[in-house]
Structure formats: structure tokens, C-alpha cells
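Asks: Fold the following.
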Amino acid sequence: MNPFYVKRANLPRNMIENSMFEEEPDVVDLAKDSTAFPVYPYEVVYEPRSSRLLVRGLGENDMDEDEEDCESSARLLGMSFMNRSSAHRSNSSPYTRQAPPRSCSRPSARTMVVCVLFLVIVASMTMVLYFLPGYFLLFVCHTNKTTPIETVYPISTNGKLFPWAQFRLPQSIHPLSYDLTLTPNLDDMTFTGRTVINMSVHHNTNCIVLHGANLNITKATFKVGLEGYKPRQQIAVKVSDDLKTGQYCVLTLHYSANLSHTYDGFYNSSYTDKDGKKRVLAATQFEPLSARKAFPCFDEPAFKATFQIQIIRKPNYMTLSNMPKAKSTTLTSGLVQDEFEKTSVKMSTYLVAFIVADFTPISKNVSKTLVSVYSVPEKKEHTDYALSTASKLLEFYNNFFEIDYPLKKLDLVAIPDFLAGAMENWGLITFRETSLLVGKQSSPLEKQVVASVIAHELAHQWFGNLVTMSWWNDLWLNEGFATYMQYMSLQTVFPKLDIGNLFLAVRFRALDKDALNSSHAVSTEVNTPEQVEEMFDSVSYEKGASILLMLNACLLGEQQFRKGIIQYLDQFNESNTDTDGLWNSLTQVSTQHLNVSEMMNSWTSQKGFPLVTVSRKGDQVTLTQEHFLLTSDNTTHTSSLWNIPVTYVNDSCSLAPECRQVFTLKTKSGTLKLPESVKWLKLNYRNTGFYIVHYGDEGWDALTAALHSNVSVLTHEDRASLIHNIFALSRLGRVSFHQVLSLLNYMSNETETSPVTEALLQLSNIYRLLDKRQEHGLVSRMKDYILDHFRSLMDKQTWEEEESVSKQELRSALLEMACSLNEENCTQKAKALFKDLYMCSSCMYTCRIPGDLQRVVFTVAAQSDEDWDTLLHMYAHATYDAEKRKMLQGLASTQNARRLVWILKAGLNGDLIQTQELPLVISRVCNGFTGYLFVWDFIQENWDQLIEKFPVGSFAIQTIIKSATSQFSTQAHLDQVQGFFSGLKERGSQMRSVQEALETIRLNRRWMDQNLSTLRKWL
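Replies: From the prediction side, this is the model:
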């Protein structure tokens, strides 16, 4: 991380972890006589790139109307060997085309005889090979349309060509409904399944391509007809004719598989109950690409269908799925079959979910929906807040969207072992325990975290579930909207949670990431599993939410934006769309006759954001825009332009919303008039726009003087915005660090949370960067500078319970900074609180440290070897998850090298410390001087294990890479990081997060080179 780039705030749904890399796809040949040739496990063929199940001989069609990827066997016969193994063929291969000679000579008679004989032999061999069944005959997807002969098909692991060459599935067959029966065995961690798929034929085709991974297909049946047919429990019969447009067909597949040992697909989990006994369960996590690991399916968002699910279980377990349970039947085996109602809505496969566990619920009826919160029995008392919060938010969303939640029930389930923050499965939302469970004495700040996650996931029931993006390139339509609605709903329904400070902070972090050349457009091309995983980042979430906030702020009338999204939900109800669909819906309801698409495309189709520079001359103000890009490479500069709704206030009126004025900047520069009597101008009112502003030296001086004179002359959002912007401009080299320090001199008068926390965060990044460079003199002076400017605020903080969320945020930031700098009053108080807590627990008394102070107290305690051991014991026996997580952060902050090595290995092994917490452990360890080099060595030594547990490109891997490299600032470290990742090849070398890491190290080095002398002078 460059000196000002910080770890992004935890997302409510921090990320979705899936794996595509354990097995390759099954290929089942149904072109044979089904009764004579059953499909045994050894006949399964795998294709590594696409993880797709192919039912051969039954056909499929083009990927789109304009570009077919299917050819007849006869046409491809001469291309049998033109595939991905071509690079390994000898140059003498008869299948390698040779360049024609420049001139020809007349052949001799002998030569002509030899040539004719050779041609006869070749023709004979060709006919023999052509009629050899199933050997050189290619089963490829073909239609009546022609396809360029250059099409190259990948090779399956059996050496044959796989008959589909695209990452995306063909559009020839669409699923209508699934009937799933699953029998999990939690003793040996396996399951068997039967999937019946009713399908319609959209284009003439001769094969069906769908997804399946890690599934051992044991039996397949197929029946074709003009109406919907129920399948026979048989292996597929040969279909002599192509499937025709308008036909309906049914495919039945029987299979077995292992429950996943990672956090995706149908995976096993466990927890220890109050008696110390290990309990096992099975749960699902399908987004983005893992439904195919639980059942064969068309695993893309646009292939929506209905689902009927049956689960066979032991009597001592219960089951949950998307829909209410219809009935339970005891089988002759003693097992119980739970049958769930057929889904009343069409769903994408990634939203399907089921759980086999021994959870306990509490429930409440809200309108026509039964809302329930499930947890392990020991934690039932921690579910009340979640039920109350979900009920209120469901009522709010029903009214706000004017579309009622469509299902009969809504379950919220706390999973003991769950990597994502939460997952919005329709009707069965799954959560980490820390994201759903709240203790009776939890602090308001802990309640804010839980409410944020619930609000995010409930918003998805409309944005993502009811209306779904067509493909992962538009993931922001799901995540950006859910993030925006999360903050907007909490501001309305739970104003005491004071969510505005958090929303402001995450918008700053999104700007930081988007300032890098390694960033990407909000809507960007996605062509590989890794690229799908990498879309789950702050650009899709927080930048998506930020541009929606900006759009809402510039639409005249409070209800215009709401009307537009209601129109969007109505128009695309139970279907799929793209970004243009959203903009068109908003344009239709605009009373300003605003072309929303024209305005907003510049924000979604190109990466980055604008820097708006202000210059004044008399009564004329000139605004100029350019791409804010931190990378110094001249070849990366762009001529990008944005359609910017620039808002501004001035010294005559700066606080009330009525003071805000708007100027639309579409071109490189624009001019507005302002009275010469105006002393200063502040752009981007309350930071609702996604851009950074440079005021020039005179403009910054005027704003600095205004804040020194009266800190309340601007809103706290505008003050925080100035702090963020000037640090960003320092990184860019547009302002000196002296100007940064001059602005911060007003901080002794600051009392609001957001400006203080932003300033502390930026200064902390510089402090840590200097510390890692072993600039001991500067580190000491930076410490003195921070304490001098913030000591008065630090001294005012109390250590008792505090009800205000904003004050808790301010207090925790100030005291964590003070204790990290070893400020004596802070560390002594933290040690005393920890001692009291330990004594109480030893004497069986109930003591509690305020939730917002737990992390700072546990961190201070962990610096002592004796207290670290005590904290580890407390961690092992803690039951309340939010507190336990803060204990883990404290343990990971030790500077004892042996303990750091132990905690990293423990997180990887997953016994005492759950592996889901490893990214958090790594992030925390890297903050310390001792730990950050250990982490880099640990990652290099254990990379293969890491990508087994967390998919390549996933948010967990992004976090690990960023944490480990963001504080490097030397050429030696740059070379190490570049060398390691370049050697990984398909195991991670092409990840966007690797490019971001390399870019950040270069920027850190540049900033240090440019600013060390200034720091020595001005500190």
C-alpha cells in the first residue's frame, strides 16, 4: 500500500469464496445405447478450463447469434489435431501446415506416381478413421450455421477434443425447472444426488452443455418430446435427430461426490457445543461459480429456473432450503426425506441453498412472510436483535420498492464456519456468526455491524435476486445497489446507528483503490473464473454505491431516483438485465428529460475518476478535469472525460442543503461566475460526488485559513473530504507535504468523528511505512507530531460504556492510536482493564470491557508474554464471536516472533483458529514491524495451500496479497514480489491484485523518495 492507501473497510458481504480448480468437468456420452453402455465413473472425462458437464450427442448451439462455435464432425475431421496441444507437436507433424514454395518445378513421372499412391493411402486411412466409432469422430456442438474453420477446441484429459470452446455456455438450451434430491452423509462427508432438468430448445442443436464439477456421474437418462416429459430413471438413449427449436426435453443425472472441505459448493462445517462435543453440519455457498459442485446445472446468472428440492437426512438433523418445507417422510431405511415447496420465483443457480444441521430458530410474522433467525442451540439468546432488525428492514423495503418480498418465508442463518460475511440466497440468507449474532450487552457499534450486513442482504432480495445482472461483468448492479440501499435504509430506519460516517469512509477507500492503474471499470469484461472472483471488490461494491449516491444527489426532486429504481424492478422482474437497462429505466421517469445513460456511462465504462482543478481570476472560476491516476508511467495517461455533476458552496452559504449549487462539467474545462467578494469555494458538497478536487495554492490557503478561524464553517463531511483530498494530492505530487501539515494544524479544534478518523488513518499509514523502512528518527518525530496534535482529544476519552455510535468510533480510533504509540496513560489503563477482566473470569464474576475498547485492550495485553498466554486461554474458551474475534486480533498483534509463526500456522491448519480468519490474522500481523516480513515468507512457502483453501482471485486472496505487500517501499522488495508472482503462472500470476501490489510498492517507493527530506524538515 502506498503511504495513504488503507485496507478497505470490511464489506457487509466481504466476499464470496468459490473454487473451480479441484476437478475438471464430467463428459457423459449419451449417444450410445443406454442399456448396453451404462455410464460408469471410469468413463468420466474432464476438461480443465470450463468445469462444465457435457451430455454428448444431444446437441447445443451457438454462443450468440453472430458468432457460432460449432461445426460438423466432417468439417472438423481435418482439424482433429488443431488444438491446444499444438504447441507440443513436432515441426515434422503431417498436420502442420507448411508455407508454400516461392516457385514450382515440373514433377517427374516417378514423383507423380508416388504422390498418387500416397494420396490413395491417405484417403483410405481417412475413411477408416472416420468410421471408427468414438475414436477420431468428434462430438462437437453444431448447427446449420457455418463457423470459421479457425475454431480451436480444448482437449479433455482423455486426449479427445472437448466440443465447446467458450467460457460462457451456449444459448441453444435453457433450463425451465430443476428437481433436486440430495442425500448427504455427515459421517463420511459424502453425498449422492439426483438432478432432473426440464429444458426448452431455443436453437436447433445436437448437444447440451452445462456445468458440473467434482461430480461422479453414475447414471443418465434423456427423453425428448414437444411437451414437458418426466424423465425415466435410465441412462440416456441415443437421439438420432437434432433437437429442434421449440422442443422440450428432460435430462436426469445421478451422481455422487464428496462434501467440500473448502468454503464453497456443498461443504462440511463443524462447531464445538457447550459440552465440548464436536458437531458437524453441511451448508452451501454457491456464488459465484459453485452450484455446479453440488448438482449439474446451467451455472450462469441468466439461466433462471424454478427449483424443487428434497433432502434425505438422519432423524437427528434438520434441513433448510429456499422455500418452506412441504412435508417430511420417514423412509424404510430410517432416514427422513424433507420435501420443500417448489420455488414460486425463477432463480439463478447461485441463489440456491440448503443446510443440514441441528440449528434452533426464533420466528416472527412480518406482513405475509415468516421471518426466522437460526443459530446453534447454545447461541439462541444472541438472535433477538437480528430478528427485530430484519423484520423492520423487510417492512421498509416492501414499502420503499412498492414490490412485496415474494416468498413465504425468510430465514437468516448463522453458520459457525463461513468465509463470506453473508450470502443473499433467496429465502435462506447465510451469515458468519459475527455478522448476525449480538450479545445482550453488545455495544451500539457491534449492533451497527450486524444491522449493516442484514440491510445489505435484504436489499439483495430485490437487487440481485428479483432482478439479476445478465453476466458477472455487471456485478455492480447487484452489489453496488445493495451497498447503497444498506446505508440509505439504515439512515432511515435506524438513525441512532449513525451509519453516515461509515458510508463516507468506505467511499474514500473506493477512491484510493480506483486511483490505481490496476483498477478496472465498474462494468468490465469477464472471461475467466479468476476474473469473476476478482469482481467482488470495492469497485463493484463501494464505487457502485458511490455513483448511485451521486446520481441521486443530482436528480431534482427526492422521489425521482426512487421512481426510477421501482421502474427498473418492475420492468425486469424475475429476469436479467445489464447496466443500460438501469439507465434506461431512470431516464424514463426523469422530469428533467435527463439522458441518464449519456451522463452515467462515463462512470461505469471506464476505470478511475476525475480530478477537478479550480482556478480563479476575478469573477471567473475555471474548472478543468483530468484522470486522477497515481501511476507515474507516462504511457498510462488517458484522455478520459466524465460527465461530472459538480456541486459547490462558498463562504457566504456553506452548511445547509439549500446552499448547494450545481455545475455540469462534460468537457475538458468549463467556466462559472462567482462574485469577487467570495473568499473561498468548496466543491463536492458533503462528498456526494466521486471525484477529487485540487484548489491550487491560493484555494488551499483560503480553506486552511477558514478552518483555523472557525472549524464549523464546513460540514464534517466536507472537512473530512478536504483531509482525504489533500493527502491524495500529496501522493499525486500536486501539493507539498508542507501543505498537508498546514491543513492538519486545525485538528486541535476538531471534535467530529469523520475528520479525525480520516486524519488518523492517513497519518498511521505514513507512520507504519516509515517504521518498516527503519527511519527511526522520523518515526520518533511522527509519533510526537501525532500526539501533539491529538493529545487533547485523546485525554478527553473515557473508558466506560458509551451509547453514541459516533462517539464510540471516535474513541476507539483515538485510543488505538494512542496505545499503538505507547502513550503511557493509554497503555496503563488498557492493562488495568485486562487485569480486571481476567480476575473476574477467574472468580466466576461477570465483567465486561466496552465493545469498542476490546480490541485496544487485547492488543496492549498481547505485548506481554504472560498476558498473551492468558489471552490465548480466554480465546479458546470464549463463546461470544464478536469478542472472540477481537481477542484474535490482539493475539496477532504481538511482536514475539515465535508466537507470530505459531498463529500463522494455526490459522492455516484451522483447528484452534478457524481458517476463515486467516486473512484477518495476516492483516493484523502485518501491522507490526516484526510480523510483516514473516508474513511475506509465510505466503511464499504456503501459497499452494492458500489457493486450495481460498480460490485464486477471491477476496480472501486479494486481502492476503494486499496486507503482505502494501508496506513495502524498496526496489529489493519490488523485485521479490514480482519474481515470486511471475513464477506462479496459472496459480495466480495474472491476478489484478498482483498488479495492484506491484503498483503500490512502486508508489510507496516514489513517495518516500520525494518526501523524506520534507518530513525531516517539517516534523
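Asks: Would you double-check that residue 1015 falls in a helix?
Replies: Yes: looking at residue 1015 with DSSP: H, G, I helix; E, B strand; the rest coil, it is inside a helix.
Asks: and the residue nearest to residue 724 when sequence neighbours are not counted, what is it in contact with?
Replies: Excluding the flanking residues, the one nearest residue 724 by Cβ to Cβ, 6 or more residues apart in numbering is residue 508, at 4.8 Å. (Each C-beta comes from the backbone N, C-alpha and C, glycine too.) Neighbouring residues of residue 508 by Cβ atoms under 8 Å, 6 or more residues apart in numbering: 720, 724, 758.
Asks: And residue 491, by the same measure?
Replies: Residue 491 neighbours (Cβ under 8 Å, 6+ apart): 499, 500.
Asks: Now for it, which secondary structure element holds it?
Replies: helix 476-493 (DSSP states H and E).
Asks: now residue 866
Replies: With DSSP H and E as the test, residue 866 turns up in helix 865-877.
Asks: who touches that helix?
Replies: 831, 834, 838, 841, 858, 861-862, 884, 887-888, 890-891, 894, 896, 899, 912.
Asks: So which of those residues are in helices?
Replies: 831, 834, 838, 841, 858, 861, 884, 887, 888, 890, 891, 899 (DSSP state H).
Asks: how about those residues, which pair is most distant?
Replies: 841 and 899 (21.5 Å; Cβ to Cβ).
Asks: Neighbour count for these two, which is higher?
Replies: Neighbour count, other Cβ atoms under 10 Å: between residue 841 and residue 899, residue 899 has more, with 19 against 16.
Asks: In terms of pLDDT, where does that one sit?
Replies: Per-residue confidence (pLDDT) for residue 899: 97.
Asks: what number of residues lie near the closest residue to residue 767 other than its chain neighbours?
Replies: Once flanking residues are discounted, residue 767 sits nearest to residue 782: 5.0 Å by Cβ to Cβ, 6+ apart. Neighbours of residue 782 under the rule other Cβ under 10 Å: 22.
Asks: do residue 971 as well
Replies: Other residues close to residue 971 by other Cβ under 10 Å number 11.
Asks: Could you do residue 705 as well?
Replies: 13.
Asks: Determine the three-state secondary structure at it.
Replies: Strictly by three-state DSSP, residue 705 counts as helix.
Asks: chain center to stretch 924-935, what's the gap?
Replies: 25 Å (Cα atoms, centre = their mean, to the nearest Å).
Asks: Quick check: which ranges of the stretch 51-200 of the chain have low pLDDT?
Replies: Low-confidence segments of the stretch 51-200 of the chain (pLDDT under 70): 51-151, 153-163.
Asks: could you redo the last one with a cut-off of 80?
Replies: 51-165 (pLDDT under 80).
Asks: and what of the chain?
Replies: 1-165, 206-207, 220-242, 556-558, 591-593, 632-639, 841-846, 1018-1019.
Asks: Which residue lies nearest the spatial centre of it?
Replies: By Cα atoms, centre = their mean, the chain has its centre lying nearest to residue 536, at 2.3 Å.
Asks: Backbone dihedrals for residue 819, both of them.
Replies: With angles defined as degrees, to the nearest 10, residue 819 sits at phi -70, psi -30.
Asks: how long is stretch 731-740 from one end to the other?
Replies: Taking Cα to Cα, to the nearest Å, stretch 731-740 runs 11 Å from one end to the other.
Asks: do stretch 887-896 as well
Replies: Per Cα to Cα, stretch 887-896 runs 16 Å from first to last residue.
Asks: And it, what's buried?
Replies: Buried residues in stretch 887-896, counted by 16 or more other Cβ atoms under 10 Å: 887, 888, 889, 890, 891, 892, 893, 894, 896.
Asks: Next: stretch 924-941.
Replies: So stretch 924-941, judged by 16+ other Cβ under 10 Å, has buried residues 924-928, 931-936, 938-939.
Asks: could you dump the helix or strand harbouring residue 598 to PDB, C-alpha only?
Replies: Assigning secondary structure by DSSP H and E places residue 598 in helix 596-604. Coordinates of each C-alpha in helix 596-604 appear next as PDB, following Å, rounded to 0.1, in the frame of the first residue of the first chain:
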ATOM      1  CA  VAL A 596     -29.100   9.200 -17.600                       C
ATOM      2  CA  SER A 597     -27.300   6.800 -19.800                       C
ATOM      3  CA  GLU A 598     -25.300   9.600 -21.500                       C
ATOM      4  CA  MET A 599     -24.500  11.000 -18.100                       C
ATOM      5  CA  MET A 600     -23.600   7.800 -16.300                       C
ATOM      6  CA  ASN A 601     -21.800   5.700 -18.900                       C
ATOM      7  CA  SER A 602     -18.600   7.600 -18.300                       C
ATOM      8  CA  TRP A 603     -18.700   6.400 -14.700                       C
ATOM      9  CA  THR A 604     -19.300   2.700 -15.500                       C
END
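Asks: which helices and strands does it pack with?
Replies: Helices and strands touching helix 596-604, by 3 or more Cβ pairs under 8 Å, 6 or more residues apart in numbering; DSSP states H and E, are helix 544-554, helix 579-588.
Asks: Out of the ones you listed, which is closest to residue 315?
Replies: Closest among those, using Cβ to Cβ: helix 544-554, at 45.8 Å.
Asks: orientation of that closest one relative to helix 596-604 in degrees?
Replies: Between the axes of helix 544-554 and helix 596-604, defined by axes from the mean of the first three to the mean of the last three Cα atoms, to 10 degrees, the angle is 140 degrees.
Asks: on that earlier part again, tell me which residues in the helix holding residue 866 are buried?
Replies: 867, 868, 870, 871, 872, 874, 875.
Asks: before we move on, what about stretch 968-975?
Replies: Those buried within stretch 968-975 under the rule 16+ other Cβ under 10 Å are 968, 969, 973, 974.
Asks: got a list of what the third one touches?
Replies: Taking Cβ under 8 Å, 6+ apart as the criterion, residue 973 is in contact with 965, 1001.
Asks: Tell me which helix or strand it sits in.
Replies: helix 971-982.
Asks: try residue 184
Replies: Secondary structure (DSSP H and E) places residue 184 in strand 173-185.
Asks: And that strand, how far out from the chain middle?
Replies: Distance, centroid of strand 173-185 to centroid of chain: 26 Å (Cα atoms, centre = their mean).
Asks: now stretch 706-726
Replies: Distance, centroid of stretch 706-726 to centroid of chain: 33 Å (Cα atoms, centre = their mean).
Asks: residues near residue 489, how many?
Replies: The number of residues near residue 489, taken as other Cβ under 10 Å, comes to 23.
Asks: same check, this time on residue 1006
Replies: Counted with other Cβ under 10 Å, residue 1006 comes out at 17.
Asks: hang on, the earlier thing: could I get the contacting residues of the residue nearest to residue 767?
Replies: 763, 766, 767, 770, 1015, 1019.
Asks: Between the residues you listed, identify the one with the most neighbours.
Replies: residue 766 leads the contacts of residue 782 on contacts (other Cβ under 10 Å) with 25 neighbours.
Asks: what's the spacing between it and residue 922?
Replies: 22 Å (Cβ to Cβ, to the nearest Å).
Asks: And for residue 455?
Replies: On the measure of Cβ to Cβ, residue 455 and residue 922 end up 28 Å apart.
Asks: what's the distance between residue 418 and residue 488?
Replies: Residue 418 is 26 Å from residue 488, by Cβ to Cβ.
Asks: er, residue 430 I mean
Replies: 24 Å.
Asks: In space, what's closest to residue 423 - neighbours in sequence excluded?
Replies: residue 430 (4.8 Å).
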